[in-house]
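I need the structure of the sequence given here:
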Amino acid sequence: MTFQQSVKTCFRKYFTFSGRAPRSEYWWFMLFIILASIVLGVLDALVFGAGSITTTPDTVAVESDGPLASLFSLIVLIPTLSAGWRRMHDTGRSGFYLLYPLIVTIGISMAIAFFGGFGMFDDGTAGGLAAIILVPAMIVLAISPLLVLWWLTRRSQPGTNVYGPNPHEVQQ
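Sure thing, here's the model as predicted:
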């Protein structure tokens, strides 16, 4: 699949989360998103100003006046998710595996809220219990995006799987 075919296919399948997407379709579309985001970011800086970075001893705030890159990100959010979802299907995995880092992040946030709500970070002994749970969870959080990236780079599952026929074997 070529660069143009990939971009056209991903936008044509805007809300299509079923089926399979070959590696070329997914990665050409990711390249398009990266390149377009860079170009639109530069256009934002040229047309709307570079924005500003404000630092204080406690915070760092970044403000951007350009809407182009942000609007583009909103426009490609759904096709990016659907292409990734179909790519996971192509490797024989459920599309939910794409959300693995998000699920881990939500779980850790809930654990921190739970432990903080009971004041376990204030007490040394109970804080140790929280650390025993949160340290491995943080390691899983660090590994999970890499795992998803690895899954997205795997070869297509040969033949037909539960998500449909192999895109390489189907005449288009």
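
hey, where'd the helices end up in this protein?
With DSSP state H, the ranges of helices along the chain come out as 3-12, 23-48, 68-90, 100-117, 124-152.

could you check the angle helix 23-48 makes with the first one?
Helix 3-12 runs at 80 degrees relative to helix 23-48, counting by axes from the mean of the first three to the mean of the last three CA atoms, to 10 degrees.

Between the helices of the chain, which one is closest to Thr55.
Thr55 lies closest to helix 23-48 among these, at 19.5 Å (CB to CB). Quick note: C-beta positions are derived from backbone N, CA and C, even for glycine.

Give the other helices and strands that that closest one contacts.
Contacts defined by 3 or more CB pairs under 8 Å, 6 or more residues apart in numbering; DSSP states H and E place helix 23-48 against helix 3-12, helix 68-90.

could you redo the ones you listed as CSV and give each row distance to Arg154?
What follows is the helices and strands packed on helix 23-48, written out as CSV (distance: least, CB to CB, whole Å):
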stretch, distance to Arg154
helix 3-12, 18
helix 68-90, 9
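
Out of the helices of the chain, which is the most enclosed?
Of all the helices of the chain, helix 68-90 carries the top mean neighbour count, a mean of 19, counting by mean count of other CB atoms under 10 Å.

pLDDT averaged over that one, what's the number?
In this model, helix 68-90 has an average pLDDT of 93.

packing partners for that helix?
On a contact count with 3+ CB pairs under 8 Å, 6+ apart, helix 68-90 meets helix 3-12, helix 23-48, helix 124-152.

Could you export these as TSV, including distance to Pro158?
Output for these, formatted as TSV (distance: least, CB to CB, whole Å):
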stretch	distance to Pro158
helix 3-12	21
helix 23-48	14
helix 124-152	17
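
Mind checking the ones you listed for the one nearest to Leu98?
With respect to Leu98, and counting by CB to CB, the nearest of the helices and strands packed on helix 68-90 is helix 124-152 at 6.3 Å.

report the angle between the axes of the closest one and helix 23-48?
Here helix 124-152 runs at 110 degrees with respect to helix 23-48, directions being taken by the same axes, to 10 degrees.
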